[in-house]
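> Below are the sequence and a predicted model; questions follow.
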Amino acid sequence: MTTTPHFTPTPTATRTATWSTDSLFSASVAVSALSAAVELGLLDDLKDRGEIRFDGRQEGADRIDPAVLRGILLPLEWAGIVVLDDRSARPGPGFDAAYLDRGYFYWLAGGNGELTSRAPQVALERNRHGEFYHRDMRAVAVSSRMIGDVEVELRFDKILADQPPRAVCDLGCGSGQRLIRIAGNHSGVRGVGVDIAPAAVELTGASVAEAGLADRISVHHGDVHALPQLPEFAGIDVVTCVFMGHDFWPYDKCVTVLRRIREVFPDVERFLLCDVVRSEVAPGPHTPIFTLGFEFAHALMGVTLPTRSDWMAAFDASGWECEAVQEFNRPPGGLLFELRPSR
């Protein structure tokens with residue numbers, strides 16, 4: 001089965017450029033500056049303290065030269081995110097919205113900045129297998145957590161509260177915060193994390209140790225396309241997977257992966273799979289945040305992005321019953337599939 005993009009025609013008038021090249025350039029600079037402000041903790045400083053003094057980061061490991069600090073924040077003043085004077089920066093009228101959506105910008109410029117900056121070289125790469133591109137997987141993990149915290153994780157908490165798990169495995173565990181939160185919400189639950197990125201495994205391990213949960217949560221380096229039969233998988237009744245399901249694709253490979261998940265988790269009762277599906281509408285003035293960046297980056301990586309109907313066909317072919325589908329506004333195009341092994 002192959003997946004061919006289908007776009008609904010959009011009237012020419014709605015495709016007319018609404019951005020001047022001046023604004024487009026400045027906006028791209030603001031994206032990079034916002035991502036840097038996220039990683040440097042500047043947005044958190046503004047949210048927690050209401051002000052950043054340009055002479056306030058002169059000591060310690062987080063020292064930033066005042067001129068550099070002002071240079072990072074200047075594009076954010078252009079965007080209305082901060083207000084600057086000679087001595088300090090304060091939240092601007094657009095700060096709350098930028099803070100809420102900071103994960104998207106950090107995902108794009110922080111996690112995928114090298115990928116998108118090398119788009120011509122990646123696009124012309126003939127051997128499009130293996131490591132023909134590079135992403136900052138720690139930034140991808142952290143930004144994905146920020147994105148998921150707005151809506152996705154609240155839904156997970158509700159589902160698991162209604163029917164508490166005994167043991168949970170999180171495929172693509174990223175920063176590990178989901179497992180840590182589940183263990184905190186359910187005192188008797190055992191957790192297992194699996195991620196293909198060594199940086200994510202290291203981050204999860206450190207986070208679990210810091211939370212004092214190393215006796216209940218283990219983390220393993222592994223590829224979901226070739227999941228081993230680990231002893232820790234015995235007794236897992238709930239498997240979760242967030243924002244990496246598209247890596248299962250294309251279709252034939254996805255069906256194989258979904259069947260393998262059933263095999264290596266012999267006691268699984270529920271599989272909660274959350275992912276962003278491909279848009280089927282042509283881009284225009286109402287295209288939501290994240291959609292273009294998500295599809296652009298994954299096109300460069302050669303990743304097939306399925307639609308909702310593509311997923312449903314794969315579930316049916318691989319022995320999973322979809323009991324419910326929940327939709328999200330954040331991230332746009334996000335769906336949570338509640339699956340059970342077919343009887």
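Cool, got the structure.
> ranges for the strands of the stretch 201-343 of the chain?
Using DSSP state E, counting those that start in this stretch, the strands of the stretch 201-343 of the chain run over 217-221, 238-242, 270-276, 320-327, 334-341.
> List the contacts of Leu203.
Counting by C-beta atoms under 8 Å, 6 or more residues apart in numbering, Leu203 touches Arg138, Ala141, Val142, Gly174, Ser175, Gly176. C-betas here are computed from N, CA, C, even on glycine.
> Same question for Val268.
Contacts for Val268 were tallied using C-beta under 8 Å, 6+ apart; they are Ile236, Asp237, Val238, Val239, Ile261, Arg262, Pro341.
> Quick check on the residues you listed: which are buried?
Neighbour counting over the contacts of Val268 (16 or more other C-beta atoms under 10 Å) leaves Ile236, Asp237, Val238, Val239, Ile261, Arg262 as the buried ones.
> where does Thr3 land on pLDDT?
The model reports Thr3 with a pLDDT of 40.
> Give me the contact list for the host helix or strand of Leu24.
Assigned by DSSP states H and E, Leu24 belongs to helix 21-39. With C-beta under 8 Å, 6+ apart as the test, helix 21-39 has contacts from 19, 42-43, 72-76, 78-79, 81, 98, 102, 105-106, 108-110, 113, 139, 143.
> Thr204: neighbour count?
Using other C-beta atoms under 10 Å, Thr204 is surrounded by 28 other residues.
> Sorry, slip of the keys, the one I care about is Asp267.
Asp267: 12 surrounding residues under other C-beta under 10 Å.
> And the average pLDDT for stretch 42-53 is what?
Here stretch 42-53 scores 95 as its mean pLDDT.
> for stretch 157-170, same thing?
Stretch 157-170 comes out at a mean pLDDT of 96.
> Now that stretch - C-alpha only, CSV.
What follows is stretch 157-170, C-alpha atoms only, in CSV (Å, rounded to 0.1, in the frame of the first residue of the first chain):
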residue,chain,number,x,y,z
ASP,A,157,-3.8,11.2,32.7
LYS,A,158,-7.6,11.0,32.3
ILE,A,159,-7.5,7.7,30.4
LEU,A,160,-5.2,6.1,32.9
ALA,A,161,-7.0,7.5,35.9
ASP,A,162,-10.3,5.9,34.7
GLN,A,163,-8.5,2.6,34.2
PRO,A,164,-5.2,2.5,36.2
PRO,A,165,-2.4,0.4,34.6
ARG,A,166,-0.2,-2.2,36.3
ALA,A,167,2.9,-1.6,34.2
VAL,A,168,3.5,0.8,31.3
CYS,A,169,6.1,0.8,28.5
ASP,A,170,6.6,4.1,26.7
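> Since that was my last question, I'll sign off now.
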